[in-house]
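A.B. asks: I need the structure of the sequence given here:
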Amino acid sequence: MSRIAIITLDGGAGKTALAFSLAKDFDYYLISNDDSVIEKAYEGRAKIMKLPKVIDDVIYDFGGFVDTGVIDIIKACDLVIVPCINDLNSKMKAIKTIKQLQAYNDKFLVVATRLEDKNDYKEVKEGILKVFTDIPVLPLRKTKLFKNALEFGQSPLELEAESKLIAYQQRNILAEYKILLNYIKETK
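C.D. replies: Predicted coordinates:
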């Protein structure tokens with residue numbers, strides 16, 4: 001049993017597509033408090049709720065706001081993932097998100113998303129580690145794979161298994177994604 005929250009105050013960091021992908025690949029429920037397409041993309045397993053509840057085997061996709069219901073769930077989570085792009089505003093909002101939530105949970109992971117080169121990852125990692133020396137930062141380079149997964153209702157691993165072309169073209173991002181999946185499995 002596991003509960004994972006994906007949250008950031010920054011819109012556009014790839015939160016929902018990442019939450020969907022993880023939920024599909026772990027065969028977890030997906031719950032959000034933010035309006036999105038998850039119910040259509042993940043029928044019967046995704047739900048948008050104004051007041052989400054604590055359940056097992058779930059990925060929570062939280063919009064960029066923290067209210068009482070969210071705090072209760074953050075307290076119950078095994079891991080809190082904060083996506084962040086290499087942008088000063090995004091890094092600032094990732095740090096602010098962690099600072100707001102660290103009184104309720106101490107198990108954070110920053111996922112540096114939409115990376116265009118190695119310097120992007122280095123800069124996100126350095127920015128986070130200046131403030132939080134003990135929070136790991138994992139990379140996910142820029143790709144349409146997660147957006148396409150959400151639009152087609154299939155996870156990245158399902159898309160990889162379905163198409164040799166996707167498996168080949170997306171091999172580097174899939175390798176990074178599998179490292180993320182393994183990290184999450186090890187924290188359960």
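A.B. asks: which ones are touching N89?
C.D. replies: Applying Cβ atoms under 8 Å, 6 or more residues apart in numbering to N89 gives the contacts D10. Backbone N, C-alpha and C define where each C-beta goes, glycine included.
A.B. asks: ditto for I173
C.D. replies: I173 is in contact with L140, R141, T143, L145, P156, counting by Cβ under 8 Å, 6+ apart.
A.B. asks: Check L18 too.
C.D. replies: I6, I81, P83, V111, T113, L140, F146.
A.B. asks: L140 sits in which helix or strand?
C.D. replies: Taking DSSP states H and E as the criterion, L140 maps to strand 137-141.
A.B. asks: same for that strand, what does it pack against?
C.D. replies: strand 108-115, helix 118-131, helix 171-187 (3 or more Cβ pairs under 8 Å, 6 or more residues apart in numbering; DSSP states H and E).
A.B. asks: okay, those, which one's buried deepest?
C.D. replies: strand 108-115 (a mean of 23; mean count of other Cβ atoms under 10 Å).
A.B. asks: and the direction of that strand versus that of helix 171-187, what angle?
C.D. replies: 170 degrees (axes from the mean of the first three to the mean of the last three Cα atoms, to 10 degrees).
A.B. asks: Not counting strand 108-115 itself, show me its contacts.
C.D. replies: 13-14, 18, 79-86, 94, 98, 101-102, 120-121, 124-125, 128, 132, 135-142, 180, 183-184, 187.
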